[in-house]
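Participant: coordinates for the following, if possible.
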Amino acid sequence: MILLVSETMQAWLDSAPEWMLNLPQWAYDICYDFFKSFIFDKRYLNIFTGLQNTLLLTFLSLLVGLLLGVIVALVRVSWDKEIKARPWGFTKIIMWVANAISKVYLTVIRGTPVVVQIMIIFFVIMANSNNKLLAGVMAFGINSGAYVAEIIRGGIMSIDGGQFEAGRSLGFGYVPTMVHIILPQAFRSVLPTLVNEFIVLLKETAVAGYVGLTDLTRAGNMIRGVSYVDFMPLLGVAAIYLVMVLFFTWLMGKLERRLRSSER
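Facilitator: Sure, this is the predicted structure:
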């Protein structure tokens, strides 16, 4: 450890400009901690790797969550609006089973922590595999899908029932009416909520380090462990998360304004 500190100090003295060495003690300490945390030994590359894994994990999990959420939402809405009132037959039995599975899925996933879910998937379900990214995508995708399903179901239920009747009057069956008339309106109404879910998912991926995946938070912890500096790596990680959230919030605002203008 003493050798590491001396090497870091020597590298700092060799690379720092003269004016930086003459700063007040508090400013000098901040610059030196920044150097130890990110510059020395190219430790900033850990941050880049973690950021890349975080964005990839979030994007893939969002795709899985959207697909799963739409399927579950359609199953539940179809059962409540269409299938439940039909006489018993093969189709109603299949939909009853699918609706029951969907309810259990929503209850279990929303009732347990995502940390426990990702550990179960990686250490139990995928015990013979070491694909940490796949485990993270499965865990966060399944978790996000439960919340997306309820968001989309709420959006569909908020559409006036006359829209279904309008589709029927145009000669559409239940499925074409849902695909061409109901779902586009539902997605438009719940889009801001879906973007918020994406932002929540982005921050939730910070627990991926529990299975050894080098995400942004784990990268900060790795730097903290080798630099013996706590504040600067964690501050850098928090700042990057904040910038990403502000960026996606800004995009959501622009999208909302465009949707409002198109409605006019």
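
Participant: residue ranges of the helices in this structure, please?
Facilitator: With DSSP state H as the criterion, the chain has helices at 2-15, 18-21, 25-34, 44-78, 90-111, 114-120, 132-158, 162-169, 174-177, 183-204, 216-227, 231-263.

Participant: can you tell me which of those comes nearest to residue 126?
Facilitator: Shortest distance between residue 126 and those, using C-beta to C-beta, is found for helix 132-158: 5.3 Å. All C-beta spots, glycine's among them, are computed from the backbone N, C-alpha and C.

Participant: tell me the buried residues in the closest one?
Facilitator: 132-133, 135-153, 155-156 (16 or more other C-beta atoms under 10 Å).

Participant: run the angle between that helix and helix 162-169 for me.
Facilitator: Angle between the axes of helix 132-158 and helix 162-169 is 90 degrees (criterion: axes from the mean of the first three to the mean of the last three C-alpha atoms, to 10 degrees).

Participant: how does this protein divide into domains?
Facilitator: Following automatic domain parsing, one finds the domains of the chain at 63-201, 214-264.

Participant: now do the longest one, average pLDDT.
Facilitator: Over the span of domain 63-201, the pLDDT mean works out to 86.

Participant: what is the end-to-end distance of that domain?
Facilitator: Start to finish, the residues bounding domain 63-201 are 12 Å apart (C-alpha to C-alpha, to the nearest Å).

Participant: for stretch 155-171, same thing?
Facilitator: End-to-end distance of stretch 155-171: 24 Å, with C-alpha to C-alpha as the criterion.

Participant: ok, now stretch 202-209?
Facilitator: This stretch, stretch 202-209, spans 14 Å end to end (C-alpha to C-alpha).

Participant: quick one: stretch 185-196 to chain centroid distance?
Facilitator: Stretch 185-196 sits 16 Å away from the centroid of its parent chain (C-alpha atoms, centre = their mean, to the nearest Å).

Participant: spit out the contact partners of the residue nearest the centre of the chain.
Facilitator: In the chain, the C-alpha nearest the mean C-alpha coordinate belongs to residue 201, at 2.3 Å (C-alpha atoms, centre = their mean). Contact analysis of residue 201 by C-beta atoms under 8 Å, 6 or more residues apart in numbering lists 58, 61, 62, 65, 140, 144.

Participant: shouldn't the second one be in contact with residue 136?
Facilitator: Put plainly, it is residue 61. Yes - with contact taken as C-beta atoms under 8 Å, residue 61 and residue 136 are classed as touching, separated by 7.2 Å.

Participant: overlap in contacts, those two.
Facilitator: residue 205.

Participant: can you pull the buried residues of stretch 82-102?
Facilitator: Buried-residue list, stretch 82-102, by 16+ other C-beta under 10 Å: 83, 95, 98, 99, 102.

Participant: before we move on, what about stretch 224-233?
Facilitator: Residues of stretch 224-233 classed as buried: 224, 227, 229, 232, 233 (neighbour count, 16+ other C-beta under 10 Å).

Participant: what's the average pLDDT for it?
Facilitator: With pLDDT averaged residue by residue, stretch 224-233 scores 84.

Participant: gap between the two ends of that stretch?
Facilitator: According to C-alpha to C-alpha, stretch 224-233 extends 6 Å from its N-terminal end residue to its C-terminal end residue.
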